[in-house]
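Trainee: Below: sequence and its predicted model.
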Amino acid sequence: GAVVSQHPSWVICKSGTSVKIECRSLDFQATTMFWYRQFPKQSLMLMATSNEGSKATYEQGVEKDKFLINHASLTLSTLTVTSAHPEDSSFYICSVTGVLRETQYFGPGTRLLVL
Amino acid sequence: KNEVEQSPQNLTAQEGEFITINCSYSVGISALHWLQQHPGGGIVSLFMLSSGKKKHGRLIATINIQEKHSSLHITASHPRDSAVYICAVFQGAQKLVFGQGTRLTINP
């Protein structure tokens, strides 16, 4: 399967700052990338879907101006949490899929703590 | 009611026991995923299936499309199998809908 990396793996920041999380598909042409959020002891929640070169499609209730997603190439997508607040503290996971959409390959996740 | 329901939510067993985790869904799907999430958070895709049965090592996954039900079995369970197991269904072309997960603990 595809190898997906995320950077950073964890980040602590002050309230009001912006945080950028990278998702890289190391050996796979990721036509579509997904961003998920997971709160403690809860399941994953899809935040947005991005196709390479297009604007991301956000799920209901997810603020697109707060969670900026850029999918500039077939191997890189970024999620920027703008003006982060403590309630944004969560585990953020990306996944990728290819043209055939045969499966999704998940990144290791980024743990964000906003103080 | 969630579109994807897993049972049990928590399962503790002794090493060597046969484990079954169930997943029921209420929506039309194109395929179903079984995922494993370890305490560190990383997620591994175990199976993707749309019919029948798949086997990989000690893991077996089955799906009954008519009954909208899937099961994940672990034979000869081991403490390293301890993790959260998540059932997720493909709705439409790409979107995954997740179950709430089953937390499995295997004691030595």
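Mentor: All right, it came through fine.

Trainee: For the rest of this, base every contact and every neighbour count on C-alpha atoms.
Mentor: OK.

Trainee: so residue B:4 bridges to which residues?
Mentor: residue B:25 (DSSP bridges).

Trainee: which residues touch it?
Mentor: B:23-26, B:87-89, B:97-100 (Cα atoms under 8 Å, 6 or more residues apart in numbering or on different chains).

Trainee: what do you get for residue A:107?
Mentor: A:3-6, A:23, A:93-95, B:42-43.

Trainee: Then residue B:99?
Mentor: Per Cα under 8 Å, 6+ apart, neighbours of residue B:99: A:43, B:2-6, B:23, B:86-88.

Trainee: Mind checking which of those residues are buried?
Mentor: A:43, B:4-6, B:23, B:86-88 (16 or more other Cα atoms under 10 Å in any protein chain shown).

Trainee: among those residues, which are in strands?
Mentor: Under the assignment DSSP state E, the buried ones among the contacts of residue B:99 contribute B:4-6, B:23, B:86-88 to strands.

Trainee: Is residue A:93 in a helix, a strand, or coil?
Mentor: Put simply, residue A:93 is strand when judged by DSSP: H, G, I helix; E, B strand; the rest coil.

Trainee: shouldn't it be in contact with residue A:39?
Mentor: No. At 11.2 Å, residue A:93 does not count as touching residue A:39 under the criterion of Cα atoms under 8 Å.

Trainee: Compare the two (neighbour count), which wins?
Mentor: A direct count of neighbours by other Cα atoms under 10 Å in any protein chain shown for residue A:93 and residue A:39 places residue A:93 higher, at 27 against 13.

Trainee: Retrieve the pLDDT associated with that one.
Mentor: Here, the pLDDT recorded for residue A:93 equals 95.

Trainee: Bridged to it, which residues?
Mentor: residue A:36.

Trainee: Contacts only, for it.
Mentor: Residues in contact with residue A:93 (Cα under 8 Å, 6+ apart) are A:35-38, A:106-110.

Trainee: thinking again about what came up before, can you put the ones in strands among the buried ones among the contacts of residue B:99 in a markdown table and add pLDDT?
Mentor: As requested, these are exported to a markdown table (pLDDT from 0 to 100):
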| residue | pLDDT |
| --- | --- |
| B:4 | 93 |
| B:5 | 94 |
| B:6 | 96 |
| B:23 | 97 |
| B:86 | 95 |
| B:87 | 95 |
| B:88 | 93 |
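
Trainee: so how many other residues sit close to the residue in chain A positioned nearest to chain B?
Mentor: Here chain A gets closest to chain B at one residue, residue A:108, 4.3 Å apart by Cα to the nearest Cα. Residue A:108 has 24 neighbours, counted by other Cα under 10 Å.

Trainee: Pull the contacting residues for the spatially closest residue to it that is not a sequence neighbour.
Mentor: For residue A:108, ignoring the flanking residues on the chain, the nearest one in space by Cα to Cα, 6 or more residues apart in numbering or on different chains is residue B:42 at 4.3 Å. Applying Cα under 8 Å, 6+ apart to residue B:42 gives the contacts A:106-109.
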